[in-house]
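# just need the structure, nothing else, for what follows:
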Amino acid sequence: MSDRIPTLADVCSAIAEGHIPAAIDGSMYQVNALELRRYFTGLRPLPTISTTSDPSSHPDPSAWSASTTPSVA
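Numbering: from 1, shown residues only. Model prediction:
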């Protein structure tokens, strides 16, 4: 492995092949792309859905209106 910085195409190809070559202190390793994804996914918190218990914060559904303007293709 050379000391060049990999391009986006290099990374995409490695992910498509299922492994990413990596070198640490002169030793070569093959990193499984799926395990790498699982690792990075674990580093960030998952999005949460917050619910509002106050019904006045939601608009009245009967006040919604549908568009009646016809469209011409």
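# all helices for the chain, in order.
Using DSSP state H, the helices of the chain run over 8-17, 33-43.
# comparing the ones you listed by mean pLDDT, which bottoms out?
Least confidently modelled of the helices of the chain is helix 33-43, at a mean of 75 by mean pLDDT.
# any idea which of the helices of the chain gets closest to I24?
I24 lies closest, by CB to CB, to one member of those: helix 33-43, at 14.2 Å. (Each C-beta comes from the backbone N, C-alpha and C, glycine too.)
# mind listing what's buried along that closest one?
A33 (16 or more other CB atoms under 10 Å).
# now that helix - C-alpha only, CSV.
Taking C-alpha atoms only, helix 33-43 is exported to CSV below (Å, rounded to 0.1, in the frame of the first residue of the first chain):
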residue,chain,number,x,y,z
ALA,A,33,-16.6,-3.0,5.4
LEU,A,34,-19.7,-4.2,7.3
GLU,A,35,-17.9,-4.3,10.6
LEU,A,36,-16.5,-0.9,10.0
ARG,A,37,-20.0,0.5,9.2
ARG,A,38,-21.3,-1.1,12.5
TYR,A,39,-18.4,0.5,14.4
PHE,A,40,-19.1,4.0,13.0
THR,A,41,-22.8,3.6,13.5
GLY,A,42,-22.2,2.8,17.1
LEU,A,43,-20.3,6.0,17.7
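# A16: how many residues sit nearby?
Residues near A16, counting by other CB atoms under 10 Å, number 9.
# actually I15, not the one I typed
Neighbour tally, I15, other CB under 10 Å: 14.
# of the helices of the chain, which approaches G26 most closely?
helix 8-17 (19.8 Å).
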